[in-house]
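Engineer: what shape does this take:
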Amino acid sequence: MPASAVVPPVRRPYAAVFRLLIALAAATGIAIDLSLASPGRVLGYFTVQSNLLVALVLAVSARRAWSGRRPLRPALTTAVLLYALTAGLVRHLLLSPLTTNGAAPGWHTLADQLLHTAVPLALLADWFLLTRPGGLRARHALLWLLYPAAYLAFALLRGAALSPGTPARYPYPFLDVPAHGYGAVLAGALLLGALILALGLALAGLDRLRPAVREPINRISPPGPGGLE
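Structural biologist: Numbers count the residues shown, from 1 in each chain. Okay, here's the model as predicted:
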C-alpha cells in the first residue's frame, strides 16, 4: 500500500503564497523588460533566462505546496536559487548601473531591482526557511555548472552570428569578444565559473546546517491512550 494512502497530504498554504509571489515578481520584471526592448535582445540575458526558470519552478512549487503534493527535487530548486544569486551578484559586484538610454528610467529601475535583488533574496529566504534540507552533495554543484556553460556557448555563438553594431550583440561587457579577444573572455568565464562552483558548494554545505521545516501535524488519535477522535 503506498504511503500516500495512509498519510494524508500536508498542505502548506503560506509557503505556496510566498512562492507564488516570487514567481510573479520574476514574471513582472521580465514583462517590464520585454515592454522596453525587443524580445531577441531581452531573452539573451542570463538574468532573464534564469528568472524565467524561477517563475516556472516557483509556480509549480507553489501549486505542490498548496495541494500537499510532494515537493520538487532539492537539486532543482537549489539550482534555480544558484542561478538567481549568480545573476544578482554579477549585477551588483561586476557591472556598472544599467543605462536607460533616456527611456522610462523608473521602469528600468523597477525591473532591475526585481530581477537582481528582490527575487534572489526572496528565493534565499524560501530555501533557508521554508524548504526541507535535501541531502545535497558536492557533485550537485558540478552538475549545476552545466547551464552556465551552455549559456556561455550560446552567448558566444549568438554574438559571432550577429553583425557588428547589433545592440547587445554580446549581452555582458566581459563577454565582448571584439573588445577583449577570445582568450580574455574565456579566462574571465573560467574565473566566473569557479566562483559559481564555490557558491554551489557553499549552498550544498549550508543544506546540512539549515533548520528542518516544521510541518503541520495531522493526527487521527490523541497522544495518550483512548479511542479515535
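Engineer: which ones are touching Pro71?
Structural biologist: Ser61, Arg64, Ala65, Thr77, Thr131, Arg132 (Cβ atoms under 8 Å, 6 or more residues apart in numbering). (C-beta placed from N, C-alpha, C; glycine too.)
Engineer: so where's this structure uncertain?
Structural biologist: 1-8, 96-105, 214-229 (pLDDT under 70).
Engineer: grab the longest helix from it for me.
Structural biologist: Assignment by DSSP state H gives helix 177-206 as the longest helix of the chain.
Engineer: end to end, how far does stretch 170-181 reach?
Structural biologist: 12 Å (Cα to Cα, to the nearest Å).
Engineer: ranges for the helices of the protein?
Structural biologist: 13-36, 39-42, 46-67, 74-89, 105-113, 119-129, 138-143, 146-161, 177-206.
Engineer: need those in a markdown table with mean neighbour count and distance to Leu95, can you?
Structural biologist: Below are the helices of the chain laid out as a markdown table (neighbours: other Cβ atoms under 10 Å; distance: least, Cβ to Cβ, whole Å):
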| stretch | mean neighbour count | distance to Leu95 |
| --- | --- | --- |
| helix 13-36 | 19 | 15 |
| helix 39-42 | 15 | 16 |
| helix 46-67 | 20 | 10 |
| helix 74-89 | 22 | 10 |
| helix 105-113 | 16 | 10 |
| helix 119-129 | 19 | 15 |
| helix 138-143 | 14 | 24 |
| helix 146-161 | 15 | 15 |
| helix 177-206 | 15 | 12 |
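Engineer: can you say which of those is nearest to Ala168?
Structural biologist: helix 39-42 (4.8 Å; Cβ to Cβ).
Engineer: and the longest helix of the chain, how far from the chain's centre?
Structural biologist: Between the centre of helix 177-206 and the centre of its chain there are 17 Å (Cα atoms, centre = their mean, to the nearest Å).
Engineer: packing partners for it?
Structural biologist: With contacts defined as 3 or more Cβ pairs under 8 Å, 6 or more residues apart in numbering; DSSP states H and E, helix 177-206 has these neighbours: helix 74-89, helix 138-143, helix 146-161.
Engineer: using CSV, lay out those helices together with distance to Arg11.
Structural biologist: CSV is the format used below for the helices and strands packed on helix 177-206 (distance: least, Cβ to Cβ, whole Å):
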stretch, distance to Arg11
helix 74-89, 18
helix 138-143, 28
helix 146-161, 31
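Engineer: nearest to Pro9, out of those?
Structural biologist: Of the helices and strands packed on helix 177-206, nearest to Pro9 by Cβ to Cβ is helix 74-89, at 19.0 Å.
Engineer: pretty sure Arg11 sits against Arg63.
Structural biologist: No. Taking contacts as Cβ atoms under 8 Å, Arg11 lies outside contact range of Arg63: 11.2 Å.
Engineer: how about the helices of the chain, which one is nearest Pro171?
Structural biologist: helix 146-161 (6.0 Å).
Engineer: the closest one to helix 74-89, inter-axis angle?
Structural biologist: 50 degrees (axes from the mean of the first three to the mean of the last three Cα atoms, to 10 degrees).
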